[in-house]
Structure formats: C-alpha cells, structure tokens
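Participant: my questions are about this predicted structure, shown below with the sequence.
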Amino acid sequence: EPEVTQTPSHQVTQMGQEVILRCVPISNHLYFYWYRQILGQKVEFLVSFYNNEISEKSEIFDDQFSVERPDGSNFTLKIRSTKLEDSAMYFCASSLGQSSNQPQHFGDGTRLSIL
Amino acid sequence: TQLLEQSPQFLSIQEGENLTVYCNSSSVFSSLQWYRQEPGEGPVLLVTVVTGGEVKKLKRLTFQFGDARKDSSLHITAAQPGDTGLYLCAGDGSSNTGKLIFGQGTTLQVKP
C-alpha cells in the first residue's frame, strides 16, 4: 500500500539554525498537510497546501515557517531560525481530496530536537 | 474555537475486558475520524463517521457518531494485548481546508 514517507526520522539542531523537514506524499494525492505533536500534547495542525498554495495556516505557523513543493514529489517544511519550543514530532499527511471518504494518510514523523 | 476532549486519557485493563473511549465537543463536526498511533509512528486511520447516529464496526471495534454530530465513541469488545496503543479522535475543522482537529488521545494498555 502506498505510504507517506518522511526524512529524517530524527533531526537534532542548534537553536537559531535553519531546518528543513522532508516529506514524500502519496503520488496521486493533491492535498498536503503538516502537523506537529509536542511531547505529551495534542497533535496540532500547522498548515494545509493545495495547488501550490497555502490553503490555511494556524497561529503556530508564523513567519519562521514556510512550505514548498519544489519538484512535484517532495513537500518540505522549513523552519528558518529554530527555537527551543519548536522541539516536537512533525507529521506530514496527504489526501486525494477533502471529502470524508478521502482521508488523510500520515507519515511516521520527524522528531525534531532543538538544543 | 473547535475542541475535542477525549476520556479517559489512560486506561489499563485485563485481556478480555470491554472498554469505551469517548470523544466530546460542543461544536458540530461534519465528520469524525478515529486513528490509532503506535510509538514512533504516525496516526493510522481506523474509521471515519459522517452521519449523525452512524454506527460502524471494525471486527471487535464499534464506532458511533452522536446524533448531533458533536461526539463519538469507540467501544472495544474482549480487548486483546494487540489493541494496546494510543487512540485519537479527530474532526474536520470548519474551514473546509482539510484541517483536522485532534483530541488529546487515550492511551490504552491491555494486559495479558
């Protein structure tokens, strides 16, 4: 069964450094998402992306965050200048559509640790 | 702000027991999803409920969507150690952008 793949599985970065998290969504999917999960807390929506544009972003997704689909297969999340509070699991998801019978499929996440 | 509250947050039971996990909100959702998440992995979809009052069964798991589409429950019959994991409910945000709003999860441990 096709799956969403994320790399790296674990990223350790010094505070203030830029980090890029990579995702390869399922190939025929059109909608892409990033979520994060701080240890012990809820999974939180960050951003949705469709047709090469951001559809919606949360309050968490400030100017330090950006997303890109550079080559038609990868979907990346960049954090420009990381902060300690950016430490979390970051999940990428994709879906074929937005109806209830076209659910989001999640990758296994990237654990981001900011030192 | 749409919120989903799950209860209980932790549940430890013996193999063979039945259990129910609840997912409640004061907001109406057009659909609710239930996911299961294993350590080190992403959430995996179990079921989507769409119609108020809908009941769906997945082997020993029974999912119900409240009549008013504000709440949902997951009932497991004769739990097995393989059911151990984190169960998450998620509802579609009201913005029609695919945004999912998650509950905080229920950690289930089934002891042999």
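Facilitator: Arrived safely, thanks for sending.

Participant: which SS class is the spatially most central residue of chain A?
Facilitator: Taking CA atoms, centre = their mean, the centroid of chain A lies closest to A:Trp34, which sits 3.1 Å from it. For A:Trp34, the assignment made with DSSP: H, G, I helix; E, B strand; the rest coil gives strand.

Participant: and the gap between it and B:Ala79?
Facilitator: Plainly put, A:Trp34 is 33 Å away from B:Ala79 if you go by CB to CB, to the nearest Å. Just so you know, the C-beta spots here come from the backbone N, C-alpha and C atoms, and that holds for glycine as well.

Participant: show me what the residue lying closest to B:Pro43 once chain neighbours are set aside is bridged to.
Facilitator: In space, and not counting its chain neighbours, B:Pro43 is closest to B:Tyr35: 3.7 Å by CB to CB, 6 or more residues apart in numbering or on different chains. Beta bridges link B:Tyr35 to B:Leu45, B:Leu88 when assigned by DSSP bridges.

Participant: what's the burial count for B:Tyr35?
Facilitator: Residues near B:Tyr35, counting by other CB atoms under 10 Å in any protein chain shown, number 24.

Participant: and B:Thr97, by the same measure?
Facilitator: 19.

Participant: so who does the residue nearest to the centre of chain A touch?
Facilitator: Contacts were defined as CB atoms under 8 Å, 6 or more residues apart in numbering or on different chains; by that measure A:Trp34 touches A:21, A:23, A:46-47, A:67, A:77, A:90-93.

Participant: drop anything exposed from those.
Facilitator: Buried subset of the contacts of A:Trp34 (neighbour count, 16 or more other CB atoms under 10 Å in any protein chain shown): A:21, A:23, A:46-47, A:67, A:77, A:90-93.

Participant: in strands only, show me those residues.
Facilitator: A:21, A:23, A:46-47, A:67, A:77, A:90-93 (DSSP state E).

Participant: for stretch B:69-80, measure first residue to last.
Facilitator: End-to-end distance for stretch B:69-80, by CA to CA, to the nearest Å: 29 Å.

Participant: ok, stretch B:45-54 next?
Facilitator: 17 Å.

Participant: give me the contacts around it.
Facilitator: Stretch B:45-54 is contacted by residues A:100-101, A:103-105, B:30-36, B:56, B:58, B:61, B:63-69, B:72 when judged by CB under 8 Å, 6+ apart.

Participant: so for that stretch, mean pLDDT?
Facilitator: Mean pLDDT, stretch B:45-54: 93.

Participant: ok now that stretch, how far from the chain's centre?
Facilitator: Put simply, stretch B:45-54 sits 10 Å off its chain's centre (CA atoms, centre = their mean, to the nearest Å).

Participant: B:Glu15 touches B:Thr84, doesn't it?
Facilitator: No: using CB atoms under 8 Å, B:Glu15 is not in contact with B:Thr84, being 10.1 Å away.

Participant: common neighbours of these two, please.
Facilitator: Taking CB under 8 Å, 6+ apart as the criterion, B:Glu15 and B:Thr84 both touch B:Val110.
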